[in-house]
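>>> no sequence on this one, just coordinates:
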């Protein structure tokens, strides 16, 4: 079996599963989902406080989306995107472009978030080849420390989640460099105000352009709210405006990776709406289809599209399941529900309430360093010492233990674990990303369950030391 032992292929890892057969006993078996709850095969009922990985934004088992999928199956389930276009793909693309209120001019419908980021980087490169005269020296990208952009080769090279990345380092291109993330909790200097902090980060980006050679840089790529790798660290006011000024000064593109933080998750349909800038390319996913279809997309400005139209006239990219009719039908119905039920406004209100309750309950806990986020994307960072912000010993696997405790009977709540938020290796945090449909009572239940998990885990750790 290609040198992989039978015992190894039945194990789970932090990032995925390799199945020997359909019965993998090392993780719980999910039977069904309804609303914000998951039913396990053993009868346990678990509150889905993370939507998987911030995916299931309208909850599980939505009848309208199921009906839309069936209706599309009755028409056509697949076609090659290079041979035909479908009405449902046209409708979804039109919906997405209109949702930007004229800021974006085209949508490219892809599959996973990694695929979207990969396509964004290729599109940025092709843009410079289509200019007149072309700029073939532009092949480099600047990303940020503590970022995560996906697991395909280019996306992995752009990211900085070292636990997932370093194993594959010999395979990765060396055309991506990194500057500091916008992380107030860890990086704001004593006596420094936000304006000075933004100016310092902008100068760091400017210095990196100069170091690389401004004529070599395609784009700066960043998450508006840094997700799983940095524990939901939002940008401060003015940050992305300053970053875009640097990019514009040197003719480079700005790419936003909104796969996790976009499509309503952080309180506006598009995360860039809160930043005072419009990226040249935005990658979206996760809450686009909310788990009912494997769907991601790129939203692209006229600046980029016009260059392609004056050049080759097409984007040199294509995938078998691009613009899948079934996934398009699911995503379009999801977005109609989000719009009709005013769920993005609910995300804003419930997001404030979620962080407020967590700060009330856990703000004084000696091992809770920071509670942060935006909308219904909330992160909690743990520390060994609240004053010095010293991270916990990485060998303790605290975030993983909190995740596993949450799945036990009596707690019954999903908690997304993360590591490396300090330097890529050290630092424990968790992520909460409830469905857009939650009400105040749901938020209160989530905060109570998650807080009990955290309090009991640290109490047990303290007891074992004595």
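Ah, there it is. Everything numeric here is computed off the predicted structure, so don't read it as measured data.

>>> Following the chain onward from the helix or strand of the chain with the lowest mean pLDDT, which element is next?
Every helix and strand in the chain was compared by mean pLDDT, DSSP states H and E; the lowest is helix 162-165, with a mean of 87. Downstream of helix 162-165, the next assigned helix or strand under DSSP states H and E is strand 176-179.

>>> roughly how far is the least confident helix or strand of the chain from the heart of the chain?
16 Å (C-alpha atoms, centre = their mean, to the nearest Å).

>>> contacts for it?
Contact with helix 162-165 is made by 14, 15, 148, 151, 156, 159, 172, 419, 420, 424, 425, as judged by C-beta atoms under 8 Å, 6 or more residues apart in numbering. (Each C-beta comes from the backbone N, C-alpha and C, glycine too.)

>>> Tell me the one of those residues nearest residue 87?
For the contacts of helix 162-165, the residue nearest residue 87 by C-beta to C-beta is residue 151; the value is 32.4 Å.

>>> Regarding that closest one, what is its secondary structure?
Secondary structure, DSSP: H, G, I helix; E, B strand; the rest coil: residue 151 is coil.

>>> Can you read off the pLDDT for it?
pLDDT, residue 151: 94.

>>> go on, residue 71?
pLDDT at residue 71 comes out at 98.

>>> buried ones in the least confident helix or strand of the chain?
162, 163, 164, 165 (16 or more other C-beta atoms under 10 Å).

>>> First-to-last residue distance for stretch 175-191?
36 Å (C-alpha to C-alpha, to the nearest Å).

>>> before we move on, back to that, let's have the contacts of helix 162-165 in TSV, adding neighbour count.
What follows is those, written out as TSV (neighbours: other C-beta atoms under 10 Å):
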residue	neighbour count
14	10
15	9
148	27
151	19
156	24
159	27
172	16
419	25
420	25
424	17
425	12
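
>>> now, the most widely separated pair of the residues you listed?
172 and 419 (20.4 Å).

>>> before we move on, back to that, quick check, nearest of the buried residues of helix 162-165 to residue 294?
residue 164 (20.2 Å).

>>> Name the spans of this protein whose pLDDT lies under the cut-off.
1-26, 466 (pLDDT under 70).

>>> residue ranges of the helices in the stretch 101-250 of the chain, please?
113-130, 153-158, 162-165, 184-187, 194-212, 239-249 (DSSP state H, counting those that start in this stretch).

>>> so which of those gets nearest residue 395?
helix 162-165 (13.4 Å).

>>> Give me the distance between residue 114 and residue 152.
To residue 152, residue 114 is 4 Å away according to C-beta to C-beta, to the nearest Å.

>>> Please tell me I have it right and residue 294 contacts residue 109.
No - counting by C-beta atoms under 8 Å, residue 294 stays clear of residue 109, with 10.9 Å between them.

>>> Who has more neighbours out of these two?
Legend: neighbour count by other C-beta atoms under 10 Å for residue 294 and residue 109, higher for residue 109 (23 against 18).

>>> Pull the contacting residues for that one.
Counted by C-beta under 8 Å, 6+ apart, residue 109 has contacts 89, 92, 93, 295, 296, 297, 322, 323, 324, 328.

>>> Residue 358 now?
So residue 358 contacts 371, 378, 380, 447, 450, 451 (C-beta under 8 Å, 6+ apart).
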